[in-house]
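Enquirer: A predicted structure for the sequence below; I have some questions about it.
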Amino acid sequence: MNQKRIAIFGSTGSIGTQALDVIAANPGLFTAEILTAQTNDALLIEQARRFQPNVVVIGDDRKYETVKQALADTNTKVFAGEQALVEAAAMDCYDMMLAAIVGYAGLKPTLQAIQLGKPIALANKETLVVAGDIVMRLAAEKKIPVIPVDSEHSAIFQCLVGEGRNKIEKIILTASGGPFLGKKPNFLVNVKRDHALQHPNWSMGAKISIDSATLMNKGLEMIEARWLFNLQPDQIQVLVHPQSIIHSMVQFEDGSIKAQMGLPDMKLPIQYAMAFPQRIANDFPRYDFRKPSNLTFEEPDTKTFRNLVLATDALYKGGNMPCILNAANEIAVYAFLRNRIGFLDMTEVVEQTMQKVTFIEKPTLEEYFDSDGEARNFAASLIHM
Ligand code: NAD
Ligand code: MG
């Protein structure tokens, strides 16, 4: 494999830093050419000094001078602001984008990269939740791969390698159940931020950790899977598997089921997406079937974790409904993280926003942007009341 030049959008996050670990461990395979961060200037500077990228972008433009000065003695170009993210995505200096920004903010740079014909390693699931039809259509037009980094979707992708046009009967998305598996609303009503941030199997950014605790993450992943693998809503099933060893499964039309397994470690799907179709040797710990352990499975408790019902409704309804769901959820999660609303209130905010914002069956990209804005405003108005 030639050395692949990677642009990491969101390099200071949980996925971004692990991707840099993979690059550092495989200097013959990868270089980091673009690094971007929203606010963490100190880490971005440290990463730039170590990996010597062509370009860095700091989202928060108040930090431009600090970053610029700290890198003045290097060849790295420094840009700042939201528009600079899109401009960096349009540059020629990289071969693949790792889309690792969190939330809606990842959509525009990713679309720009696809427009330019750059393959995408996609961690930013919200991009597909918001505008999956447009994103995947553009990728197909440009004939570029969108390779999932999300562990469940990486599992499904890996199960599909070599299957050609063989028909999928359904996919089974596994869910750990998060830190509150088995809990009921009378417990959840009192849950606070710090408790909700403690995930049993994965260490992740704040937003996805809360989404995992509310099961919204699995809802977003159903919608992500629908677009990545061109599935109908009724082909997607969620199964709780608390040990997170089976990362997901595909059942084919002959009834045969393939699963992809391993210890939970995001570096695996990250390096798989970056190196595809090659696999890279590593010395990460291995799962050992001989050690006593139980792999267990159960139905999700949708009476308690109603976000899964809301996301399923959005998946079936289609149009701009997943975009509305996502926008309201982002507002609700950040309000919960700032202790402005309770754990169960997050679901209320999403549900009421879905009822209120104008439904559009076949939105244009502009209409997705507008729906996102409208949903954010409405969700925020519920919180400030
Ligand atoms: P994180 O919060 O740790 O990092 C987010 C990154 O995005 C940071 O570099 C931050 O600077 C940048 N960012 C945040 N807001 C931004 C904005 N408005 N504009 C530009 N950049 C911004 O998040 P994470 O856990 O690394 O997750 C990143 C994405 O990957 C999410 O979409 C998440 O759902 C997905 N994902 C993460 C994991 C995981 O294990 N962390 C697993 C599967 C999928
Ligand atoms: Mg996942």
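Expert: Looks like it came in fine. Residues are numbered from 1 along each chain as shown. Ligands and ions are numbered 1, 2, ... in the order given.

Enquirer: skip the chain neighbours and tell me the closest residue to whatever residue of the chain ends up closest to ligand 2.
Expert: As assessed by CB to the ion, ligand 2 sits closest to D150 within the chain, at 4.2 Å. (Each C-beta comes from the backbone N, C-alpha and C, glycine too.) Of all residues not flanking D150 in the chain, K125 sits nearest, at 5.6 Å (CB to CB, 6 or more residues apart in numbering).

Enquirer: now do stretch 296-305: distance to the chain's middle.
Expert: 22 Å (CA atoms, centre = their mean, to the nearest Å).

Enquirer: which other helices and strands does the one helix or strand L44 maps to contact?
Expert: Using DSSP states H and E, L44 falls within helix 41-51. Under the contact criterion of 3 or more CB pairs under 8 Å, 6 or more residues apart in numbering; DSSP states H and E, helix 41-51 touches helix 14-25, strand 30-37, strand 55-58, helix 64-70.

Enquirer: number of residues surrounding whatever residue of the stretch 151-300 of the chain ends up closest to ligand 1?
Expert: Among the residues of the stretch 151-300 of the chain, G205 lies closest to ligand 1, at 2.6 Å counting by CB to the nearest ligand atom. G205 sits with 19 neighbouring residues when counted by other CB atoms under 10 Å.

Enquirer: and for G81?
Expert: 14.

Enquirer: next, the nearest residue to it once chain neighbours are set aside: phi, psi?
Expert: In space, and not counting its chain neighbours, G81 is closest to D61: 4.5 Å by CB to CB, 6+ apart. Phi and psi for D61, reported as degrees, to the nearest 10, are phi -70, psi -10.

Enquirer: next: K4.
Expert: When read as degrees, to the nearest 10, the backbone of K4 gives phi -100, psi 130.

Enquirer: one more: K170?
Expert: phi -160, psi 160.

Enquirer: what's near enough to touch it?
Expert: Residues counted as contacts of K170 (CB atoms under 8 Å, 6 or more residues apart in numbering) are 234-237, 250-251.

Enquirer: which bits of the stretch 1-150 of the chain sit near ligand 2?
Expert: Residues of the stretch 1-150 of the chain lying close to ligand 2 by CB under 5 Å from the ion are D150.

Enquirer: just put the helices and strands packed on helix 41-51 in JSON lines and tack on mean pLDDT and distance to M266.
Expert: JSON lines is the format used below for the helices and strands packed on helix 41-51 (pLDDT from 0 to 100; distance: least, CB to CB, whole Å):
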{"stretch": "helix 14-25", "mean pLDDT": "98", "distance to M266": "5"}
{"stretch": "strand 30-37", "mean pLDDT": "98", "distance to M266": "16"}
{"stretch": "strand 55-58", "mean pLDDT": "98", "distance to M266": "23"}
{"stretch": "helix 64-70", "mean pLDDT": "98", "distance to M266": "27"}
